[in-house]
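Visitor: Dropping the sequence and predicted coords here.
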Amino acid sequence: MDGHVIPIAPGYGYTGGQVDLHNNTVTLTDASGQLVKMDLGVSDVHIDAALSNYINGYAPAEFMADAVAPPVMVNHASNYYYQFDPDNALATVDNTVVAPGADVPMVSVKMSNTRYSTLGYSLGSFIPTEVLSNQDAPLNIQFTAMRMVKDKLMLNREVRVKNMSFSATNFTSTHLRDLSGDSTLKWNGGSSSDPIKDIQMLQEAALMPITDMGMDLITWNAFTRNAAVQKFTGFKQAVQGLPTPDQRAAFAAFLNIPRVHVCEVRAKNPSTGAYPYVWANDVILWRRPPQDVSEMDIATMKTFRWNGAGGNSLPTEFGGTVTNGWTVRAFFNPFKGPRGSQVIIVTHNDAEQFISQNVGGYIKGAIQ
C-alpha cells in the first residue's frame with residue numbers, strides 16, 4: 001500500500017476503510033459492502049481571506065534632490081538673499097606695499113541680492129468611513145495614504161530639481177561638457193570617451209572645489225565599465241575591482257573625483273507606460289557647503305523652504321503638524337460621502353534656486 005494511504009481497522013459497524021493523505025479523503029465500507037466516502041477537502045474547512053501578517057507594494061528609491069539642492073528653512077514665503085561678489089575673496093590687490101605715512105589702498109565690499117519666491121505644493125487623499133471600517137487586518141489605509149501623498153510630492157520635487165540641474169541654459173561653455181552630439185565621446189562605448197577627463201575639466205573650471213556629483217544607475221554602470229576608467233585601477237595594488245554601492249565613496253576618492261550619488265528613483269512616463277530613471281543619461285556636479293549660512297562659501301543650488309508657520313505648529317484652528325517645512329493635516333469631513341470621510345492633506349512651499357554655476361558643472365549626454 002502507498003505510504004500516503006493509512007488503513008482503518010473494522011469497528012463501529014464498518015468493516016474497514018482507509019485514509020488517503022494525498023487526496024485528503026476518508027473511505028469506509030459498511031457491513032452490507034456499501035462504500036461510504038467522507039471526502040472533506042481543504043475548501044470545505046477553510047475560507048480564503050486576506051493574510052494578517054503580509055502585505056507588499058512599491059515605493060520610490062532614495063531621493064537625491066535634497067543633496068543637490070539642500071533645503072534652507074525660511075520664515076517667509078518670499079524674500080531676498082544676499083550674495084557677495086567673487087572679487088571679495090578671489091581678486092588680488094595691487095600696490096599693497098605702503099611707505100610710512102602714505103595712504104593705504106582701500107577695497108569695497110561688493111554684493112548683490114536675489115529674490116526667491118516659494119510655491120505651495122499640495123496633495124491630498126480622502127478615505128470614506130465605509131472603507132476605514134471594512135479594511136482587513138494587515139492594512140492601515142490612513143497611514144498608507146499619507147505616505148503615498150508625501151512620496152508623490154517628493155517625486156515631483158525630484159523631477160523639478162533634475163530639470164533645473166540638467167538645463168544647459170544654467171551653464172556657460174566653461175562649466176558644460178556637451179557630449180550629446182558626438183557618439184565617440186559617450187561613456188558607454190565611445191571610442192574616444194574619457195569620463196575622468198570630462199569630470200576633471202569641470203573640476204578645474206570651478207571657482208571653489210566641487211564636492212558632489214550625481215547620476216542614475218545606468219550611467220554609473222557605464223562609468224565603471226569604461227575602459228579609460230578601468231585603466232586607473234587595472235594595475236594598482238589594494239584595488240578590488242569595480243565598486244559595490246558601499247564602496248562608491250572610496251572608489252571616487254581613489255579616482256580623485258567628487259563623491260558620487262547614484263540615484264535609482266524612477267518615474268512613470270504617462271505616454272509610454274515605461275518607468276525610466278529620473279536622472280537619466282546626464283551627470284550633474286555641484287558644491288555643497290558644510291553649513292548653510294556663510295558669506296565665505298557658496299552652494300551650486302539651494303531650496304528655500306518656507307517653514308509654513310514660523311515654527312513646528314500651525315494655528316489651532318487649522319490643526320496639523322509641521323516637520324522640516326512639511327505640513328500634514330488629517331481631519332474628518334462630515335460632508336464627504338454619506339458617512340463622511342477622513343481627509344489627509346500634505347503641503348510644502350519650496351523655491352528651488354540655482355545659486356552659482358561657478359561652483360558646478362554639467363555633463364550632458366554622457367551615455368546614449
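Guide: Arrived safely, thanks for sending.

Visitor: May I ask you to name the longest strand in this protein?
Guide: Under DSSP state E, the strand in the chain containing the largest number of residues is strand 341-354.

Visitor: mean confidence score for it?
Guide: Over the span of strand 341-354, the pLDDT mean works out to 94.

Visitor: Paired strands for the helix or strand following that strand, with orientation please.
Guide: For strand 341-354, the succeeding helix or strand toward the C-terminus, using DSSP states H and E, is strand 361-364. Here the strand partners of strand 361-364, with direction, are listed using DSSP bridges: strand 176-178 (parallel), strand 283-286 (antiparallel).

Visitor: Turn these into CSV, columns for distance to W306.
Guide: In this view, the C-beta of every residue, glycine as well, is placed from N, C-alpha and C. Listed next are the strands paired with strand 361-364 as CSV, based on distance: least, CB to CB, whole Å:
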stretch, distance to W306
strand 176-178, 32
strand 283-286, 23
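
Visitor: Pick the most deeply packed of these.
Guide: Among the strands paired with strand 361-364, strand 283-286 has the highest mean neighbour count (mean count of other CB atoms under 10 Å), at a mean of 28.

Visitor: Now find how far off-centre that one is within its chain.
Guide: Taking CA atoms, centre = their mean, to the nearest Å, one finds strand 283-286 lying 16 Å from the centre of the chain it belongs to.

Visitor: can you check stretch 113-120 too?
Guide: The answer for stretch 113-120 is 24 Å, by CA atoms, centre = their mean.

Visitor: List the buried residues of it.
Guide: If you call a residue buried by 16 or more other CB atoms under 10 Å, then stretch 113-120 has these buried ones: 116, 118.

Visitor: ditto for stretch 272-290
Guide: Using 16+ other CB under 10 Å, the residues of stretch 272-290 that count as buried are 277-289.

Visitor: quick revisit: can you list the strands paired with strand 361-364 in a markdown table and add mean pLDDT?
Guide: As requested, the strands paired with strand 361-364 are exported to a markdown table (pLDDT from 0 to 100):
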| stretch | mean pLDDT |
| --- | --- |
| strand 176-178 | 97 |
| strand 283-286 | 98 |
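
Visitor: which stretch among these comes nearest Y116?
Guide: With CB to CB, the closest approach to Y116 among the strands paired with strand 361-364 belongs to strand 283-286: 17.9 Å.

Visitor: Mind checking what secondary structure Y275 has?
Guide: Secondary structure of Y275, reduced to three states by DSSP: H, G, I helix; E, B strand; the rest coil: coil.

Visitor: same question, Q142
Guide: Each residue gets one of three states, and Q142 gets helix by three-state DSSP.

Visitor: what number of residues lie near it?
Guide: A total of 16 residues lie near Q142 under the criterion other CB atoms under 10 Å.

Visitor: measure it to T184 for me?
Guide: Here the distance between Q142 and T184 works out to 55 Å (CB to CB, to the nearest Å).

Visitor: so what's the residue nearest the centre of the chain closest to, chain neighbours aside?
Guide: For the chain, the residue sitting closest to the mean C-alpha position, by CA atoms, centre = their mean, is F63 at 1.5 Å. Residue nearest to F63 in three dimensions, not counting chain neighbours: E158, with 5.3 Å by CB to CB, 6 or more residues apart in numbering.

Visitor: what domains does the record give for this structure?
Guide: Under the assignment automatic domain parsing, the domains of the chain span 5-45, 65-364.

Visitor: closest one to G57 among those domains?
Guide: Proximity of the domains of the chain to G57 was assessed by CB to CB; the nearest stretch is domain 65-364, lying at 8.1 Å.

Visitor: about what we covered before: touching, the residue nearest to F63 and D66? I think so.
Guide: No - proximity of E158 to D66 does not meet the contact threshold set by CB atoms under 8 Å, at 9.3 Å.

Visitor: Between these two, which is the more surrounded one?
Guide: Taking E158 and D66 together and counting by other CB under 10 Å, E158 has the greater number of neighbours (22 against 15).

Visitor: which ones are touching that one?
Guide: E158 makes contacts with 60, 63-65, 265, 267, 278, as judged by CB atoms under 8 Å, 6 or more residues apart in numbering.

Visitor: If anything else comes up later, I'll come back, but that's it for now.
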